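Asker: all I have is the shape, not the residue letters:
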């Protein structure tokens with residue numbers, strides 16, 4: 001009995017890492033895309049950051065009444081900071097230029113240089129799923 005109690009006490013002293021203490025991955029789905037029923041419109045932005053052989057990439061889709069063409073762009077990652085650039089093309093419906101943001105457990109928050117709106121894209125599933 002004494003050795004069992006001693007073992008339990010020893011095990012309780014071993015440090016255990018908690019998932020909450022870990023730095024969140026920049027990889028994932030981030031979206032504020034939504035359907036506005038009254039207007040029949042889809043609006044918002046969706047970013048899917050993935051890891052591939054040359055680094056990180058983002059699949060970015062924007063919607064302004066209807067979904068635009070998605071674009072795939074390289075992502076510069078520095079800790080929890082991400083940066084990517086959207087080409088100036090009418091068919092993607094995104095604000096063109098550089099996006100700078102920060103990834104947390106809950107969201108990707110940031111903005112495009114050429115637009116005033118601060119984006120908070122919640123981490124989770126794609127709008128399309």
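Answerer: Received it, and whenever you're ready, just let me know what you need. Note that the coordinates shown come from a computational prediction; the quantities given were computed from them, not determined experimentally.
Asker: enumerate every residue touching residue 36.
Answerer: Each residue near residue 36 by CB atoms under 8 Å, 6 or more residues apart in numbering is listed here: 42-43. Any C-beta I mention is one placed from the backbone N, CA and C, and that applies to glycine too.
Asker: what's opposite it in the beta bridge?
Answerer: Listed beta-bridge partners, residue 36: residue 41 (assigned using DSSP bridges).
Asker: quick check, pLDDT for residue 46.
Answerer: Per-residue pLDDT puts residue 46 at 97.
Asker: who's in contact with the residue sitting nearest the centre point of the chain?
Answerer: The C-alpha lying nearest the average C-alpha coordinate of the chain belongs to residue 30 (CA atoms, centre = their mean; 3.8 Å). When contacts are counted by CB under 8 Å, 6+ apart, residue 30 touches 46-49, 103, 107-108, 121-124.
Asker: hmm, try it at 10 Å
Answerer: With contact set as CB atoms under 10 Å, 6 or more residues apart in numbering, residue 30 has these partners: 45-49, 58, 60, 82, 101, 103, 106-110, 119-124, 126.
Asker: what's the answer for residue 77, then?
Answerer: Remark: with contacts taken as CB under 10 Å, 6+ apart, residue 77 is in contact with 26-27, 49, 51, 55-56, 83-84, 103.
Asker: 7 Å instead?
Answerer: In this structure, residue 77 makes contact with 26, 56, judged by CB atoms under 7 Å, 6 or more residues apart in numbering.
Asker: quick check: phi and psi at residue 91.
Answerer: For residue 91, the backbone dihedrals are phi -80, psi -10 (criterion: degrees, to the nearest 10).
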